[in-house]
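Student: Have a look at this fold, sequence not included:
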């Protein structure tokens, strides 16, 4: 019987939750790195026992932690990321030239073919690659040195590169998303990049609402069987692309709010997607204080609220961009964590929910592995 492992990053440590394929009872291990911000924890699809964790502190900076035994023990593998050339300066949205800074790793994306290869997305808006399991990191500088970089600006959480997707059919094709710059695609494993923001509109964010860059993308997701189809949760609007990001159209439909952070895709149904709407960009809590996941089985044409087991009154938590995941068990499991410290799971594709753990520190990320 398969085992399911949930990897939880929080503001005060990492937690590893394990269950069998029924996903009824969960064992909780942690906190690992208690007291440290763990922005992201993710496992390798090639070697499921290889995990990476982004450990961050205002005092001690960024540390990459690696586990080779599924999270039982950890090793700090490296604390140095090598830029190509000097970081230089950046002309921020207010016209002020400021130095590029390396603040933290927001996201790890291990290779789908090589157990020792992994990408890391950083703040300020840079992407790095390691080919030795995180011992050394080199910047893929073509992104940060893109001609449009002077037009990028920080979102409320900073200028973070928070999404990295690898095309499962073509490992040289990469997607990234930056808040607030937009989405970019590479066809040569990260050496060169092009903006893929046609169709995005940012009426309240940019002087030019249809600009090539400057859009505040919150999250992008894909189904591995159809990597040319992308789904996006943006700062206002849920979007869809059917041509690998060449163009986008809005699929917010009948959602109560088109503002939110996470978006994910059902493991076995590439047209089934999930979002968690929140009220607005200034009120980061569910509309009407009711925590609802919304599911579309039609790729965004229409949406249904999923509420069973979720609090439907006086709930004012948020769900952050990396805090939703699905497993590959049948039926598909769906998971999300909240800033209130709850991790909710559904073992039936969202029809019923339960808190598999609660009273954690605020949850920053949720990733799930299905193990043999």
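Tutor: Yep, it's here. Every value quoted in this text rests on a predicted model; they were computed, and no experiment measured them.
Student: Tell me the spacing between residue 50 and residue 323.
Tutor: 22 Å (C-beta to C-beta, to the nearest Å). Placement of C-beta: from N, CA and C, glycine included.
Student: And the two? Which one has more around it.
Tutor: Neighbours per residue (other C-beta atoms under 10 Å) separate residue 50 from residue 323, with residue 323 holding more: 26 against 21.
Student: how about the nearest residue to that one once chain neighbours are set aside, what does it touch?
Tutor: Of all residues not flanking residue 323 in the chain, residue 337 sits nearest, at 4.4 Å (C-beta to C-beta, 6 or more residues apart in numbering). Applying C-beta atoms under 8 Å, 6 or more residues apart in numbering, one finds that residue 337 lies in contact with 8, 10, 319, 320, 323, 343, 344, 360, 363, 364, 365, 366.
Student: Pipe those into a markdown table and attach secondary structure and distance to residue 353 per row.
Tutor: As requested, the contacts of residue 337 are exported to a markdown table (DSSP: H, G, I helix; E, B strand; the rest coil; distance: C-beta to C-beta, whole Å):
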| residue | secondary structure | distance to residue 353 |
| --- | --- | --- |
| 8 | strand | 16 |
| 10 | strand | 20 |
| 319 | coil | 13 |
| 320 | coil | 18 |
| 323 | coil | 14 |
| 343 | strand | 11 |
| 344 | strand | 5 |
| 360 | coil | 17 |
| 363 | strand | 15 |
| 364 | strand | 20 |
| 365 | strand | 19 |
| 366 | strand | 14 |
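Student: ok, these vs residue 68, which is closest?
Tutor: Nearest to residue 68 out of the contacts of residue 337 is residue 8 (C-beta to C-beta; 19.3 Å).
Student: and that closest one, what pLDDT?
Tutor: If you check residue 8, the pLDDT there is 98.
Student: check contacts around it.
Tutor: Counting by C-beta under 8 Å, 6+ apart, residue 8 makes contact with 14-17, 30, 41, 337, 343, 357, 360, 363, 365-366.
Student: any idea which of those is least confident?
Tutor: residue 30 (94).
Student: Which secondary structure state is assigned to it?
Tutor: When classified by DSSP: H, G, I helix; E, B strand; the rest coil, residue 30 comes out as strand.
Student: quick one: contacts for it?
Tutor: By C-beta under 8 Å, 6+ apart, the contact set of residue 30 is 8, 13, 14, 15, 16.
Student: low pLDDT regions in this structure?
Tutor: Residue ranges of the chain with pLDDT under 70: 1, 79, 84-94, 203-207, 209.
Student: try it again with 90
Tutor: Residue ranges of the chain with pLDDT under 90: 1-2, 57-62, 78-103, 124, 145, 149-158, 180, 201-212, 214, 372.
Student: Find the centremost residue of it, please.
Tutor: When C-alpha atoms, centre = their mean is applied to the chain, the residue found nearest the centroid is residue 322 (3.5 Å).
Student: what sits against it?
Tutor: Counting by C-beta under 8 Å, 6+ apart, residue 322 touches 9, 39, 40, 106, 107, 162, 219, 262, 364, 365, 366, 367.
Student: thinking again about what came up before, out of the contacts of residue 337, which is most surrounded?
Tutor: Among these, the one with the most neighbours (other C-beta under 10 Å) is residue 8, at 30 neighbours.
Student: Okay, that residue and residue 168: tell me how far apart.
Tutor: Distance, residue 8 to residue 168, using C-beta to C-beta: 25 Å.
Student: need the contact list for residue 195.
Tutor: For residue 195, the contact set (C-beta under 8 Å, 6+ apart) comprises 146, 148, 182, 183, 184, 212, 213.
Student: Kindly report the same for residue 67.
Tutor: Listed by C-beta under 8 Å, 6+ apart, the contact set of residue 67 reads 49, 50, 51, 53, 73, 74, 75.
Student: repeat for residue 34
Tutor: By C-beta under 8 Å, 6+ apart, the contact list for residue 34 reads 12, 13.
Student: Go again with 6 Å.
Tutor: Contacts for residue 34 (C-beta atoms under 6 Å, 6 or more residues apart in numbering) come out as residue 13.
Student: now swap in the one 3 residues further on and tell me
Tutor: For residue 37, the contact set (C-beta under 6 Å, 6+ apart) comprises 11, 56.
Student: Count residues in the vicinity of residue 158, would you?
Tutor: Using other C-beta under 10 Å, the number of residues around residue 158 comes to 16.
Student: shouldn't it be in contact with residue 125?
Tutor: No - between residue 158 and residue 125 there is no contact, the gap being 9.0 Å when judged by C-beta atoms under 6 Å.
Student: now the strand or helix carrying residue 128: how far from the chain's centre is it?
Tutor: Using DSSP states H and E, residue 128 maps to strand 126-130. Here the centre of strand 126-130 is set off from its chain's centre by 16 Å, with C-alpha atoms, centre = their mean, to the nearest Å.
Student: Who are the packing partners of that strand?
Tutor: Packing contacts for strand 126-130, counted by 3 or more C-beta pairs under 6 Å, 6 or more residues apart in numbering; DSSP states H and E, involve strand 118-123, strand 137-139.
Student: relative to strand 118-123, how tilted is that strand?
Tutor: Going by axes from the mean of the first three to the mean of the last three C-alpha atoms, to 10 degrees, strand 126-130 is angled at 160 degrees with respect to strand 118-123.
Student: what lines up beside strand 126-130 in the sheet?
Tutor: Partners of strand 126-130 in the sheet, by DSSP bridges, are strand 118-123 (antiparallel), strand 137-139 (antiparallel).
Student: From residue 343, how far off is residue 45?
Tutor: Applying C-beta to C-beta to residue 45 and residue 343 gives a distance of 22 Å.
Student: that older thread, of the contacts of residue 322, closest to residue 276?
Tutor: residue 262 (5.9 Å).
Student: check contacts around that closest one.
Tutor: Counting by C-beta under 6 Å, 6+ apart, residue 262 touches 219, 276, 319, 321, 323, 324.
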